[in-house]
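Novice: Quick one: sequence and predicted model below, then my questions.
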Amino acid sequence: MEEQAMNHLSPLLVQSSGICAERGEGSWLFDGEGRRWLDFTSGIGVTATGHCHPKVVEAARDQVGKLVHAQYATVTHPNMLRLTDRLYEHLPRNLDAVAFSNSGSEAVETALRLARQASGRPNIIAFTGGFHGRTLAAASMTTSTTKVRTGWQPLMAGVSFSPFPHSYRYGWSEDETVDFCLRELDHVLMTQSAPSDTAAMIIEPVQGEYGYYPATKRFMQGLRERCDRHGILLIADEIQAGYGRTGRFWSHEHFDVRPDMLITAKGLASGYPLSAVAASRALMSSGAPGSQGGTYGANAVACAAALATLDVMEQEDLVGHAASEGAYLLERLQALRDRHDCIDEVRGMGLMLGMEMVKAPGQPDGDRAAALLKACEQNGLLLLRCGIHGQVVRWLPPLTASRQEIDQAVDLFQDALEETR
Ligand code: PMP
């Protein structure tokens, strides 16, 4: 039945595993034939509280019978209002207004629109390797791969790119890389996007799709300083790295900077479609009434799930758990790197870790990463990869993953390393 149904699914919706999941529970996925997988992809970082956390399920189930949809241009609902208050407790103090939508890309579009409306300036500076989504504006600011950019140009005008501190790729020290990147940013401001034309800089403080690269404090502070000097807005795309994933509530907190706008999605509602942009009230009021949002944003069930997600995060200290278990996972992956020449670097923060697979130092090996993932899948572990060559094995377990599950996953990966030698 599934095979027949697949015939009608767009072939461009790449399905990297052969799994057709019927049920999820905690860190586990189950198919209809009695097989199970330890899911260390979390639906690309979405099911941060694990699959079907009982408290999230209960909240969503309860809400379905009360109210599913109320369009916020017409009426509000208590879950949405409660959620804005609860989010405010976690947001930087300068961000006191929230706008909801359904997906990461939509929220990126909202942030871009706001930045242009508030500043009256046309241009955006984005950073090499950044991923911001697949819609036109988001794809125009994305350079993690050419895939989302190719074949439907012209993309949105007004975007310049400046280098992100990929020390590993450049083969330079962190300091050399940051010096280079900040010099290039000044050059971009002098040659491509004059400050008086630049509305915003948009950055993932920890890059996801390009290969799990954290920025550095000096780099992020360099951006903040230039934004302040020139009246440019700093937008943190926290869609993948935010919401506890890196062991702090927001990934920008690692770098002691405050963004002027923050975009969140993925972990926000444990899998119910919900995204948000946070900004100051003044900034958030720059457009015309009705220019923000859409029909479905802030769905009442998604907001109920988001409130329960925050309860779970607080009650189970998932941010602290991501920090401690992330440090443990990092240690175990680094031990594997020390024993296997095919792993060149392990990097990332919290439970957002990437492993660079190589043929020889500095020579990316996407084929090995693909073979590893296949072997893992056969052994009952689901992992993803990323990077331009698909060479980075990414570890993105639910924030609820137990020490025992982490050990089990690393052991299964180790078996796959032996099997794919
Ligand atoms: N920004 C980042 C950092 C992301 O990781 C993603 C999704 N991988 C997006 C934006 C786009 O989100 P969505 O797929 O929900 O549109």
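Specialist: Structure received.

Novice: Met357 should be in a strand, yeah?
Specialist: Yes. Judged by DSSP: H, G, I helix; E, B strand; the rest coil, Met357 forms part of a strand.

Novice: And the residue of the protein closest to the ligand?
Specialist: Gly104 (2.2 Å; Cβ to the nearest ligand atom). Backbone N, C-alpha and C define where each C-beta goes, glycine included.

Novice: for that residue, what are its contacts?
Specialist: By Cβ atoms under 8 Å, 6 or more residues apart in numbering, the residues touching Gly104 are 132-133, 138, 239, 263, 265-266, 275.

Novice: Now narrow those residues to whatever sits close to the ligand.
Specialist: Counting by Cβ under 6 Å from any ligand atom, 132-133, 239, 265 from the contacts of Gly104 sit close to the ligand.

Novice: Gly26: which of those is nearest?
Specialist: Nearest to Gly26, judged by Cβ to Cβ, of the ones next to the ligand among the contacts of Gly104 is Ala265 at 21.9 Å.

Novice: Can you tell me the closest non-neighbouring residue to the closest one?
Specialist: Nearest residue to Ala265 in three dimensions, chain neighbours excluded: Ser275, at 3.6 Å (Cβ to Cβ, 6 or more residues apart in numbering).

Novice: what do you get for Ala401?
Specialist: Leaving aside its sequence neighbours, Ala401 sits nearest to Ser27 (Cβ to Cβ, 6+ apart; 5.0 Å).

Novice: count of residues packed around that neighbour?
Specialist: For Ser27, the neighbour count with other Cβ atoms under 10 Å is 24.

Novice: what are the phi and psi angles of the residue of the chain closest to the ligand?
Specialist: When read as degrees, to the nearest 10, the backbone of Gly104 gives phi -60, psi -50.

Novice: From Leu234, how far off is it?
Specialist: Distance from Gly104 to Leu234, counting by Cβ to Cβ, to the nearest Å: 18 Å.

Novice: before we move on, what about Phe40?
Specialist: According to Cβ to Cβ, Phe40 stands 32 Å off from Leu234.

Novice: Which positions in this structure make contact with the ligand?
Specialist: Near the ligand, when you scan the chain using Cβ under 6 Å from any ligand atom, you find 44, 103-105, 108, 131-133, 204, 208-209, 237, 239-240, 265.

Novice: Mind checking which of the residues you listed are in helices?
Specialist: If you go by DSSP state H, the residues of the chain next to the ligand have 44, 104-105, 108 in helices.

Novice: For Val148, give me the pLDDT.
Specialist: pLDDT, Val148: 95.

Novice: Now do the contacts for it.
Specialist: By Cβ under 8 Å, 6+ apart, Val148 lies in contact with 131, 133-134, 139, 142.

Novice: the strands in the stretch 251-400 of the chain, which residues?
Specialist: Secondary structure of the stretch 251-400 of the chain by DSSP state E, counting those that start in this stretch: the strands cover 261-264, 275-279, 343-349, 352-360, 363-364, 381-382, 384-386, 392-395.

Novice: Just send those strands back as JSON lines, with mean pLDDT, mean neighbour count and distance to Leu223 too.
Specialist: Below are those laid out as JSON lines (pLDDT from 0 to 100; neighbours: other Cβ atoms under 10 Å; distance: least, Cβ to Cβ, whole Å):
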{"stretch": "strand 261-264", "mean pLDDT": "98", "mean neighbour count": "28", "distance to Leu223": "13"}
{"stretch": "strand 275-279", "mean pLDDT": "98", "mean neighbour count": "27", "distance to Leu223": "17"}
{"stretch": "strand 343-349", "mean pLDDT": "98", "mean neighbour count": "22", "distance to Leu223": "18"}
{"stretch": "strand 352-360", "mean pLDDT": "98", "mean neighbour count": "22", "distance to Leu223": "20"}
{"stretch": "strand 363-364", "mean pLDDT": "96", "mean neighbour count": "16", "distance to Leu223": "28"}
{"stretch": "strand 381-382", "mean pLDDT": "98", "mean neighbour count": "23", "distance to Leu223": "35"}
{"stretch": "strand 384-386", "mean pLDDT": "97", "mean neighbour count": "22", "distance to Leu223": "23"}
{"stretch": "strand 392-395", "mean pLDDT": "98", "mean neighbour count": "26", "distance to Leu223": "24"}
